[in-house]
Structure formats: C-alpha cells, structure tokens
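Enquirer: Requesting a structural model of the entry that follows:
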Amino acid sequence: MHARSSLSEDQREAAVAWFEKGIADSAAARFLGVSRGPVKLLYRRWKIHGRGALVAKPTRQAYSFEFKLALVERFIAGETAPDLAAEVGLSSPVLLKTWARAYRREGADALRPKPKRRPTAPDAPPSAEMPELERLRRENERLRAEVAYLGKLRALRAQERR
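Expert: Okay, the predicted model is just below:
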C-alpha cells in the first residue's frame, strides 16, 4: 500500500478482509471508522491485485512507447481500464486513463518517454572547448544587454526625479 496512506497496516489488513467477505469500500470504511477515500483507493487496488494490494511496489515501473500505445488503443476501442490494468499488471487503472487523456490531447507522441534530466541553460558558462570567437560573441551579446538595461534604469530614475 502507498507509504503516505492514512490507514495503518492493521486497518489495511482489516479492510482487505472485509473486501474478501464481499463488503465494498464504503461499508468497510464505516466498519473501520475511517474516511472513505483511502479505503476506496485500497479497494480499487485490491480488485486488481487481490492481497497483493497490501504490498507496495519498490520502484516505479517504466513502460515502452509501444506498450502504452497498444493499451491506450484497446482502452479507446472499448475495453475497461480495470480489466486492462489487471491483465497487464499495472499498479492502477488511473495510469491507463492518464495515458489515454494525454493521447487524446497531444497524439501518440505524448506517450513517448520524456527526458530524465533538466535541460541545459542556453546561457551556460563558456566551456574550454568553445572556440574563442564564439565565446567572445556571447560575452559581447551579454555586455550589450547589460548596457541597455542600465541605460533604461538611468532613464527611469531621471524620469522619477522630474
């Protein structure tokens, strides 16, 4: 179960026991005396993973573009998210719905892997490998912008004094 869940380990065990007896999430929450939200999430996971819903996955799973695209196409064709999630072992049907939403909004490219690191700054400090002419051009451009900024600042101050 999720580490930030408001349910204790005992409450999660008791809720799963209620689910196995045929009691749904709202009734189980009432029996346990807790809010329905966390129990509802646990119930959804239990419907997919059974008792495995009590065990948190140690790492985040990465899925290929082709895998995501095939699942989204099946989902859009009419198969249900919980059934597809259970079939392929997704942690939650919400993940599939998120992929489908991105697919509808941005197309198939939205399912492609995103870069893992931050993009480099365009005004990165000059490196030793950069040709001297390119380094001097960048420095000249920066100094011109600085002079223009200071000129505007002086003009604004002079305008305030009037």
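
Enquirer: Check the chain for its longest helix and report it.
Expert: In the chain, assigned by DSSP state H, the helix with the most residues is helix 132-161.

Enquirer: now it, how far from the chain's geometric center?
Expert: Relative to its parent chain, helix 132-161 has a centroid offset of 40 Å by C-alpha atoms, centre = their mean, to the nearest Å.

Enquirer: just stretch 104-116 next, same as before
Expert: Counting by C-alpha atoms, centre = their mean, stretch 104-116 is centred 12 Å from the centre of its parent chain.

Enquirer: and the strand or helix carrying Leu71, average pLDDT?
Expert: Using DSSP states H and E, Leu71 sits in helix 65-77. If you average the pLDDT over helix 65-77, you get 93.

Enquirer: What of stretch 23-39?
Expert: Mean pLDDT, stretch 23-39: 88.

Enquirer: buried residues in that stretch?
Expert: Ile23, Asp25, Ala28, Ala29, Leu32, Val34, Pro38, Val39 (16 or more other C-beta atoms under 10 Å). Where C-beta positions appear, they are placed from N, C-alpha and C, glycine not excepted.

Enquirer: Outside of stretch 63-76 itself, which residues are in contact with it?
Expert: Ala81, Leu84, Val88, Leu96, Lys97, Trp99, Ala100, Tyr103, Ala108, Leu111, Arg112, Pro113 (C-beta atoms under 8 Å, 6 or more residues apart in numbering).

Enquirer: From Ala108, how far off is the first one?
Expert: Okay, so that is Ala81. Distance, Ala81 to Ala108, using C-beta to C-beta, to the nearest Å: 19 Å.

Enquirer: So which helix or strand of the protein has the lowest pLDDT on average?
Expert: Least confident helix or strand of the chain, by mean pLDDT, DSSP states H and E, is helix 36-49 with a mean of 83.

Enquirer: which of the residues in that one are buried?
Expert: Residues Pro38, Val39, Leu41, Leu42, Tyr43, Arg44, Arg45, Trp46, Ile48, His49 are the ones in helix 36-49 that count as buried (16+ other C-beta under 10 Å).

Enquirer: Output the contacting helices and strands for it.
Expert: Judged by 3 or more C-beta pairs under 8 Å, 6 or more residues apart in numbering; DSSP states H and E, helix 36-49 is in contact with helix 9-20, helix 25-32, helix 81-88.
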